[in-house]
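> Turn this into a structure:
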Amino acid sequence: MTTFKIDTATRGGKAWFNRWIIQRMALFGLFGWLGVTLSSIWWFFPWQWSTLFSGGRFAYAFWWSVPLAVVGGYLAVYAQLKLQGRSEHQEAEQAAAANAKTPEEEAIERAEYLAARRAGFTGLEIGTSTGELLERRGHKGGLPSGTPVVLSPEDCAKNIIAFGGIGSGKTSRFINPLMLQLMEQNAGALILDIKTDFQREVAAITAHVGREYKTVGDGGMTLNLLRGTTPELAASFLKSCFLAQGTGDSQIWADLATEHCRNCLTLIKLTGSDYSLAGLYDIAVDDKARKALIEQAEAAFDDMSDRDQRLQMAVSRYFTTWDGYDDRQKSSVMVNVNSVLTPFSHPDLVDAFSTGSEQGEADLTELINDGAVFLVNLPQTKFGKEGARYAYLLIKLRFFNMMRERRTRDDWNQTRPVAFVCDEYQSIVDSVSDTDFWDKSRSSKTIGIVSMQGVASLTQALNGNHKAAEAILQNFRQRVVFRTEDEATLRHVQHLLGQIDVVLTSSGESYSESVSWTGLGMGGRQPTQSQSISESENASMTRQDLFSANDMRALSADYCLLIGNIGDRAADEVLQVAPLYIN
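Numbers count the residues shown, from 1 in each chain. So this is what the prediction gives:
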C-alpha cells in the first residue's frame, strides 16, 4: 500500500503542494461548471419536481452543481491516484525484474559474502539497545535507544556469560545467534553439548555457512585426553575431578588420590604402556597389574636414562609407602580414584577417550591452526551422568592447557580467536582451573561463551564456595541476564548496577466551609458564611534499585539485561534480542 504524506515544511514540498491543490481546485471548478450547465439545461424542461426549488433558476443550478462537483471531483482524484499507484507498481515490478538475480548469481554473491566474513574476525553483536536505563532512568552507563551492541574482538575476549531460567531464551537468543556469527567468521570453536540436544543446531548452522564440524564422543572421533601430557599435568586434571565430588574432607583424599595417579602414570610412561585413562584405571586399582608393571620397570632399569632412573626410584619408594598404608587409608583413596576412573573403563568411553575409533583421533590444535569446529557429544543415557561429567571436565582442562601453551608455540597460529561454547556450564565448573584460566585467557585469544540458570547454580556447583563463584564471575566481564527468579542472580544484578535517586512528589487539597449567625434585632438573626481552600505539594528524594526484581519479571523473551564493558567504559542496558530458531 502506498502512503502519501504532504510536506509543506520545505520549499520543494510547498511548491508541490501548491501545484497539487491548484489541480484539485481546477477539477472541482470543472465539475461544478458541468453541474451548473446541466441544471440550466434541465431548467427549460417542464419537469414538475423542478418547482420544488423556490429560489429560482440560480438556486436550482447551485444545488445541482454541488453534488456533481463533490462526487465528480472525488471520483476524478480517486481515478488519478489509482492510475498513479498502478503505474508505480508496474515500475517497481520492472525494476525488481531488472535487478533480479539468478540462483547462480545469488550463490556467487553469498559465497563472496561468506569469504569476506571468513577473512577475519570483527566481533559479535549481542542485540539492540532500548535506551531504558539511559533515557528513562538516567544511568550514565546506559546506551542510546536503537544502538546495535557489538562487542569488538577485544571485548569478546573479556568472556561472555548468560543467566536465565528454563525457557527464558538463552539458547535461541544467545547461544544460537552468537554461534552463527562465530561460524561466519575466522574463528575456531569447541562446543560442549552438556544437554546433548545441540547437535542439530550445530549441524544446521555450519551447513548454512558452508563449514564442517567434527564430533568427539558418541559415534565420533577419539580424543585421548592424556596424550601429550606429562604425568604431573594429567594428575592435576584428575585432581579437579576429585575435588568436584565435594565429599566432606575431600581435599585430603583428593590430594592422596592425585599423588597415587601421578605415580601410576609415571610408571606407565616409563614402561611404554597404555598411557590413557583406561590404562591408568587398570594400573591404579589392580594391585597385580601394577606389581607386574613395577617388575617390568625394574628389569629395564639399566637401559633407562639418568632422569628416568631417578623417576623409577621415586616411583618405587612411593609404592613401597603405599603398601604400608592401612586398609582404611587405601580404601578412602580408592573411593576417589574409582569414582572418577571407573566410568572410563566402559567400552564406549574407552573408544571415545582411550583407543582409536574408525573416525580417527581428534587433534584439538586444529582449533587454533585451522579454525576447526569440534562438538563434544556424550549422552548421559549412554555414558552415565558421572562418566559424561568427568569427560567434559577433562576436555575442558585439556583445552585450557592448550590455550595457555599457545603463546609459547611459534609454530601455532597466534591471531585466530578460539571460542569455548558451553551451555549449563555449572555442570563442569571447578574452583581450581576456572579461577586460574579465565583471568589469563584474554592473551590467548580465547572467547568464553557460557550460560547457566543463575548465580545460585554456580555457587552450588562449587560446593557453596561463594568466593570462588565471585572470582569466576569477575572474569566474565560481559554478563547477559534473561528473565530469572533466582534470588542470588537478582542480588548480583542489583549489587553491580546500584541505586538511583528518585524524586517522589505528593500533593494535597483541603476544603472547608462554615456558617455563623449574628444579630438579635428586628431583622432577626443573619447568617455569615465563609469558605477556605488550600493546596499543598511536597517533594522528597528516595533511593531505589536501578533494576529491580519487578523489572526482571517484566522482561519478555525478546529482551535481556546487559551488564557489560565495551572499550574503556561500562555498558549497561536493556537489549532487544532476536531469536534464531533451527527448524
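
> What residues does the residue nearest the centre of the chain make contact with?
By CA atoms, centre = their mean, the chain has its centre lying nearest to residue 174, at 2.4 Å. Taking CB atoms under 8 Å, 6 or more residues apart in numbering as the criterion, residue 174 is in contact with 162, 164, 451, 480, 482, 560, 577. To be clear about C-beta, it is placed using only N, CA and C from the backbone, and glycine gets the same treatment.

> Using the record's domain definitions, break this structure down for me.
As given by automatic domain parsing, the domain ranges for the chain are 11-98, 126-201+371-398+406-514+528-583, 225-355.

> Pull out the buried residues from the helix or strand hosting residue 116.
Under the criterion of DSSP states H and E, residue 116 resides in helix 103-118. Buried residues in helix 103-118, defined by neighbour count with 16 or more other CB atoms under 10 Å: 114, 117-118.

> Could you report the neighbour count for the closest residue to residue 164 other than its chain neighbours?
Distance criterion CB to CB, 6 or more residues apart in numbering; nearest residue to residue 164, sequence neighbours excluded, is residue 482 at 3.1 Å. Residue 482: 25 surrounding residues under other CB atoms under 10 Å.

> Keep only those of the contacts of residue 174 that are in strands.
162, 451, 480, 560 (DSSP state E).

> Assess the claim that the last one and residue 480 are in contact.
Yes. A contact is recorded between residue 560 and residue 480 when judged using CB atoms under 8 Å, the distance being 5.4 Å.

> Please enumerate the shared neighbours of the two.
Common neighbours of residue 560 and residue 480 (CB under 8 Å, 6+ apart) are 162, 174, 575.

> Of the residues you listed, which is the nearest to residue 401?
Nearest to residue 401 among the shared contacts of residue 560 and residue 480, counting by CB to CB, is residue 162 at 25.6 Å.

> can you list the residues that contact the helix holding residue 116?
By CB under 8 Å, 6+ apart, helix 103-118 touches 101, 184-186, 209-210.

> Return the item of the residues you listed having minimum pLDDT.
Within these, residue 101 has the lowest pLDDT, namely 70.

> Quick check: that one is in a strand.
No. Checked against DSSP: H, G, I helix; E, B strand; the rest coil, residue 101 lies outside a strand; its state is coil.

> mind listing what it touches?
Neighbours of residue 101 in contact, by CB under 8 Å, 6+ apart: residue 109.

> make it 10 Å
Residue 101 is in contact with 107-109, counting by CB atoms under 10 Å, 6 or more residues apart in numbering.

> Same question for residue 425.
161-162, 192, 194, 392, 396, 434, 448-452, 457-458, 461, 472, 476.

> Sort out which of those residues are in helices and list them.
392, 396, 434, 457-458, 461, 472 (DSSP state H).

> Could you find which two of the contacts of helix 103-118 are furthest from each other?
101 and 186 (26.7 Å).

> follow-up on the earlier one: the helix or strand that the helix holding residue 116 is followed by pairs with which strands, parallel or anti?
As assigned by DSSP H and E, the chain's next helix or strand after helix 103-118 is strand 124-129. When pairs are called by DSSP bridges, strand 124-129 turns out to pair with strand 148-151 (antiparallel), strand 569-576 (antiparallel).

> and among these, the most buried is which?
strand 569-576 (a mean of 20; mean count of other CB atoms under 10 Å).

> With only the CA atoms kept, save it in PDB.
Written as PDB, here are the backbone C-alpha positions of strand 569-576 (Å, rounded to 0.1, in the frame of the first residue of the first chain):
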ATOM      1  CA  ARG A 569      33.500   2.200  29.500                       C
ATOM      2  CA  ALA A 570      30.700   0.400  31.200                       C
ATOM      3  CA  ALA A 571      27.800  -0.600  29.100                       C
ATOM      4  CA  ASP A 572      24.600  -1.500  31.000                       C
ATOM      5  CA  GLU A 573      21.300  -1.600  29.100                       C
ATOM      6  CA  VAL A 574      18.100  -3.500  28.400                       C
ATOM      7  CA  LEU A 575      18.600  -5.000  24.900                       C
ATOM      8  CA  GLN A 576      16.100  -6.300  22.400                       C
END
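
> Next, the distance between the ends of stretch 562-570.
Taking CA to CA, to the nearest Å, stretch 562-570 runs 10 Å from one end to the other.

> How about stretch 463-480?
Using CA to CA, first and last residues of stretch 463-480 are 24 Å apart.

> starting at the chain centroid, how far to that stretch?
Its chain's average C-alpha position is 18 Å from that of stretch 463-480, according to CA atoms, centre = their mean, to the nearest Å.

> can you pull the buried residues of it?
So for stretch 463-480, counting by 16+ other CB under 10 Å, buried means 465, 468-469, 471-473, 475-480.

> mind putting those residues in TSV, distance to residue 536 and pLDDT included?
Formatted as TSV, the buried residues of stretch 463-480 follow (distance: CB to CB, whole Å; pLDDT from 0 to 100):
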residue	distance to residue 536	pLDDT
465	55	90
468	55	92
469	51	94
471	53	94
472	54	95
473	48	95
475	54	94
476	51	96
477	49	95
478	49	97
479	45	97
480	46	97
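
> what would those residues look like in CSV with distance to residue 251?
Converted to CSV, the buried residues of stretch 463-480 look like this (distance: CB to CB, whole Å):
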residue, distance to residue 251
465, 12
468, 13
469, 18
471, 18
472, 19
473, 23
475, 23
476, 26
477, 30
478, 33
479, 30
480, 34
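
> Which of those sits closest to residue 439?
residue 475 (4.9 Å).

> correct me, but the closest one touches residue 468?
No. Residue 475 lies out of contact with residue 468 (CB atoms under 10 Å); the separation is 11.6 Å.

> hey, what's in contact with both of those two?
Joint contacts of residue 475 and residue 468 (CB under 10 Å, 6+ apart) are 434-435.

> before we move on, back to that, and the furthest pair within the ones in strands among the contacts of residue 174?
Maximum distance among those (CB to CB): 11.4 Å, for 451 and 560.

> More neighbours: which of these two?
The residue with more neighbours, out of residue 451 and residue 560, is residue 560; 26 against 22, by other CB under 10 Å.

> Ignoring the adjacent residues along the chain, who's closest to that one?
residue 482 (4.9 Å).

> wait, what's in contact with that neighbour?
162-165, 167-170, 173-174, 451, 453, 489, 552, 555-557, 559-561, 577 are the contacts of residue 482 under CB under 10 Å, 6+ apart.
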